[in-house]
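**Q** Need the 3D shape of this:
(one chain, ligands or ions: 1)
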Amino acid sequence: MTEKRSLFQQLHSYGETDYYPYHMPGHKRRQLGEIPEQLLKADITEIDGFDNLHQPEGILRRLQESANALYGAAETFYLINGSTGGILTAVSAALPRGGHLLMARDCHRSAYHAAYLRDLKVSYLYAERVEGFDFNEAVTPGQVEQALAKEPDIGAVLIVSPTYEGRIADVEGIARVVHRRGIPLLVDEAHGAHLGLAEGFAPGSCTRGADIVVHSVHKTLPALTQTALLHLNGDLIDREKIRRFLHIYQSSSPSYLLMAGICDAMEIVERRGRERFAGFRQRYQRMTECLRICRQFCFVPWQDIERGRQDIGKLVIHTGQSGVSGKWLYQTLLERYRLQCEMAAGNYCLAMFTMADEEEAYVRMERALLDLDGQLTRQGCGGPNEHAPDKHVEDKYAADLLKPVAAYSVAQAWDMPWKMTRMSDAVGCPAADFVNLYPPGIPLLVPGEVLTESLYRRMTDALIKELTIQGIEESDGEYFIKTL
Ligand SMILES: Cc1ncc(COP(=O)(O)O)c(C=O)c1O
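**A** Predicted coordinates for the structure are as follows:
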């Protein structure tokens, strides 16, 4: 088997041979249903010559080494269970059972799940709002320093950068602060697998001092869903523990299609990255210039991208003073223009762009937004309508709701007996389950945290606006949550 050929090419060649499969998977590479035969032929298990992800010594080891050369990490692991598996592993390996984790409140639920599984004590970093917008910044070195000063037993720090909306943290500054304490910095860079790979893009956290970086290859590079990478640097984290937890959290039958997909994405970056990333940046910049004439919608300024504070791939379309909500904009782009965005929040809608987009992606978005912006202007927008988010309400509750107090740790609370309680009667009670506002799924309540009056009103408000909330159940027009 030659090293130069991609994993997919090798799988494909193998599928054309006359080796008969007396092994898993059960489809035996034969099309009995609707899965395309080409996929079935490449869907093998750890047969001779194809290595083993849980003990890589051949092709998979070489592929992991070339991925770590690309990102500049000391060691890289292929993940077939998304960043979810990577974050579970990173947090579990970085702290002993019962350890103390400092993490950004906007961490993905996998971080909370790791805290549950490892019985961790958790303290939170609460990011500021981005000035002029209704979403959060990444956390700052100052916030991390303050939190570490207050709680000297913190054993690891986990941040998200870029955030869902594309805000990029000062990872170097945070790493300095964290390393002064001799503890590791873990960066959930799930949305930034493309960072640091080309000129004009912000550097990635692998080269900015992070001890562990987790990338979802599938989010921002051309790869199959579920593909991800975990990168390791320095010696603050025991590598054997990383391996142990990867064995625990990942399937013992990793999909070769997914691994071939990671290999393919890395090769696209190596072979065509320079040209495609340059085109992506240029075209994206032209789009933002073109959209500057909008009178209703607002966008994160291009300077933030130049300063490395905002990711290029996330176009946050803020509804500004138009009076329409993010959800209305999302729905209108979908129904009227057939543009499917990534998500809608109270006052904005988010569209993602990657190196795989062609001219059509930009032209259609520009036309739709200019068209809608013009219509709203002609209608004399600026006043509220039924879809409009009530800014007053959001501001009034923001500070308060962001910091619910925990009566129990997530590990204690999630295993305690619970009951369904009418939401209005639940004020003052500790939650038994998460209440997440989707997307992006930042928890309003974590198991063990007490429902406050303002948080209750904020949740009611989100229900009225038909935002997606997970953890609240409706029965006969009444809302219930799980309480202890
Ligand atoms: C910030 C962040 N981290 C991690 C994840 C999990 O990534 P994956 O879907 O690759 O498991 C997500 C998923 O949306 C995310 O938004």
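**Q** Write out the residues of this structure neighbouring the ligand.
**A** For the chain, the residues in contact with the ligand (CB under 6 Å from any ligand atom) are 82-84, 87, 108, 110, 160, 164, 188, 190-191, 216, 228, 440. Yep, even glycine has a C-beta here, placed from its N, CA and C like the rest.
**Q** Which pair in those residues has the greatest spatial separation?
**A** Greatest spatial distance in those: Ala228 and Pro440, 17.0 Å, computed using CB to CB.
**Q** Compare the two and say which one has the larger neighbour count.
**A** For Ala228 versus Pro440, neighbours defined as other CB atoms under 10 Å are more numerous around Ala228 (26 against 18).
**Q** partners of the more buried one in the sheet?
**A** Leu79, Ser216 (DSSP bridges).
**Q** Give me the three-state assignment for Ala147.
**A** helix (DSSP: H, G, I helix; E, B strand; the rest coil).
**Q** mind listing the helices for the stretch 201-350 of the chain?
**A** 217-220, 239-249, 256-290, 302-306, 326-335 (DSSP state H, counting those that start in this stretch).
**Q** what about those helices, which gets the closest to Ala407?
**A** helix 239-249 (28.9 Å).
**Q** Give me the helices and strands touching the closest one, please.
**A** Helices and strands touching helix 239-249, by 3 or more CB pairs under 8 Å, 6 or more residues apart in numbering; DSSP states H and E, are strand 75-79, helix 82-94, strand 228-232.
**Q** Now do the last one against strand 75-79, angle only.
**A** Following axes from the mean of the first three to the mean of the last three CA atoms, to 10 degrees, one obtains 160 degrees for the angle between strand 228-232 and strand 75-79.
**Q** For strand 228-232, list the C-alpha coordinates in CSV.
**A** Taking C-alpha atoms only, strand 228-232 is exported to CSV below (Å, rounded to 0.1, in the frame of the first residue of the first chain):
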residue,chain,number,x,y,z
ALA,A,228,-13.2,16.2,13.9
LEU,A,229,-9.6,16.4,15.3
LEU,A,230,-8.1,16.7,18.7
HIS,A,231,-4.6,18.4,18.9
LEU,A,232,-2.3,18.2,21.9
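**Q** any idea how far that strand is from the chain center?
**A** Its chain's average C-alpha position is 14 Å from that of strand 228-232, according to CA atoms, centre = their mean, to the nearest Å.
**Q** any chance of the helices of the stretch 201-350 of the chain in JSON lines, plus mean neighbour count?
**A** Below are the helices of the stretch 201-350 of the chain laid out as JSON lines (neighbours: other CB atoms under 10 Å):
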{"stretch": "helix 217-220", "mean neighbour count": "25"}
{"stretch": "helix 239-249", "mean neighbour count": "16"}
{"stretch": "helix 256-290", "mean neighbour count": "18"}
{"stretch": "helix 302-306", "mean neighbour count": "15"}
{"stretch": "helix 326-335", "mean neighbour count": "19"}
